[in-house]
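K.L.:
pasting the structure only:
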């Protein structure tokens, strides 16, 4: 270990012994001591510096430690001490004292803004509470009126020949649904109550046995009703009259809309996932951006409807009428379109991956950029059909059979 230390000392000090005398080495050390002393402002003099330098130069270990310590002294002198001096000279308390009036002035100026925003928040909260109260009162008054009629005049209300009372209640219902303060949740509650009372729908009847009053409209019509953002999930609305109703953004997950008349209804970005729409009328309806995934739409009439960018993945569209329908960029992957009529339908950019098109009428349909395989189109009926260029198939293959 002694030999290793001596070698290290020799390596570090060898540069100091080359071409310089002992006096020069002492002078170099004394200069460093002087610079360091000036930095810390001690009372020692040059003679003391020289004496220290001689002592350091005389002992190799002292020389090694002295020169190893110089980088740390330099860092302290050029970085740490300037910051300390600045803090000392800055007199932070005096600076804070000087800017205190400005801070106080800013605080005084800010007070009206703070009060304004606090007042706005308070007013908004009061407005929300008032809106909630108005909604509760409107629904309460409506249900009270309807309950009275059902208790006292139910037979008259359900009498197909008594249009006056039925029209009055329909008008009252539509007026309530147009109430601007009525949110989607309240609207859904009203419609679900009416559905439970069998006032806005008639249950679909399957099989050979039909009731005597089959085909008659529900007691109350929702023609033109404002059901924007209404929550109608799993509602019983089969055979309901929802012509030109506003169902923008409505939630109709799993809703029963069998045989419902939704002619020209506005269902943009509505959620109808898993809804039951078989035999329903949706001709001319606006359904762009809607979610109809896994919906049952067998025998549904969707002629001239807007289904652009609609999610129809996994939907059952067997025997559906889609003449002149807009299906641009629609997702029809895994959908069943067997025996459906898509004559002149626009399917540009649509996705028909793994879809079923057995005997589907694609006469005059536009599939230029549709994602579809030749195997799927082999099962469809083609006549004047615009086929993707990469698919080698006769677009007029079935013209003679139609």
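P.N.:
Yep, it's here. If you're wondering where the values come from, they're calculated on a predicted model, not measured in any experiment.
K.L.:
can you show me the helices along the stretch 251-400 of the chain?
P.N.:
Shown for the stretch 251-400 of the chain, the helices assigned by DSSP state H, counting those that start in this stretch span residues 374-377.
K.L.:
let me see the contact set for residue 308.
P.N.:
288-289, 326-330 (Cβ atoms under 8 Å, 6 or more residues apart in numbering). In short, each C-beta sits where N, CA and C put it, glycine included.
K.L.:
cutoff 7 Å now
P.N.:
Contacts of residue 308 were listed using Cβ atoms under 7 Å, 6 or more residues apart in numbering, and they are 288, 326-330.
K.L.:
burial check on residue 310, number of neighbours?
P.N.:
30 (other Cβ atoms under 10 Å).
K.L.:
how about the one 4 residues further on?
P.N.:
Using other Cβ under 10 Å, the number of residues around residue 314 comes to 19.
K.L.:
who's in contact with it?
P.N.:
Contacts of residue 314 by Cβ under 7 Å, 6+ apart are 293-294, 334-335.
K.L.:
quick check: residue 263 touching residue 286?
P.N.:
No - when contacts are counted by Cβ atoms under 7 Å, residue 263 is not listed as touching residue 286 (11.5 Å).
K.L.:
what residue ranges in the stretch 201-350 of the chain score low on pLDDT?
P.N.:
202-218 (pLDDT under 70).
K.L.:
top of the contacts of residue 308 by neighbour count?
P.N.:
residue 330 leads those on contacts (other Cβ under 10 Å) with 30 neighbours.
K.L.:
so how far is residue 305 from that residue?
P.N.:
Counting by Cβ to Cβ, to the nearest Å, the separation of residue 330 from residue 305 is 11 Å.
K.L.:
could you do residue 176 as well?
P.N.:
Per Cβ to Cβ, residue 176 is found 29 Å from residue 305.
K.L.:
settle it for me: which of the two has more neighbours?
P.N.:
The neighbour comparison of residue 176 against residue 305 (other Cβ under 10 Å) goes to residue 305, with 29 against 21.
K.L.:
dump the residue contacts of that one.
P.N.:
282-285, 287, 325.
K.L.:
cool, residue 183 as well?
P.N.:
residue 135.
K.L.:
and the gap between it and residue 255?
P.N.:
Distance from residue 183 to residue 255, by Cβ to Cβ: 19 Å.
K.L.:
and for residue 290?
P.N.:
For residue 290 relative to residue 255 (Cβ to Cβ), the value is 13 Å.
K.L.:
quick check: residue 362 vs residue 331, distance?
P.N.:
Distance from residue 362 to residue 331, by Cβ to Cβ: 18 Å.
K.L.:
I'd say residue 255 and residue 237 touch.
P.N.:
Yes - with contact defined as Cβ under 7 Å, residue 255 reaches residue 237; the gap is 6.1 Å.
K.L.:
helices of the stretch 1-150 of the chain, residue ranges please.
P.N.:
Under DSSP H, counting those that start in this stretch, the stretch 1-150 of the chain gives helices at 2-17, 22-40, 46-58, 60-75, 81-90, 92-158.
K.L.:
state the mean pLDDT of the second one.
P.N.:
Meaning helix 22-40. For helix 22-40, mean pLDDT is 73.
K.L.:
could you do the shortest one as well?
P.N.:
Model confidence over helix 81-90, given as mean pLDDT, is 58.
K.L.:
same deal with the third one?
P.N.:
When pLDDT is averaged over helix 46-58, the result is 76.
K.L.:
so what does that helix touch, helix or strand wise?
P.N.:
helix 22-40, helix 60-75 (3 or more Cβ pairs under 7 Å, 6 or more residues apart in numbering; DSSP states H and E).
K.L.:
report how many residues lie close to residue 248.
P.N.:
Residue 248 has 18 nearby residues by other Cβ under 10 Å.
K.L.:
ignoring the adjacent residues along the chain, who's closest to the residue nearest the centre of the chain?
P.N.:
Nearest to the mean C-alpha position of the chain, by Cα atoms, centre = their mean, lies residue 269 at 13.2 Å. The shortest distance from residue 269 to any non-neighbouring residue, by Cβ to Cβ, 6 or more residues apart in numbering, is to residue 289 (4.3 Å).
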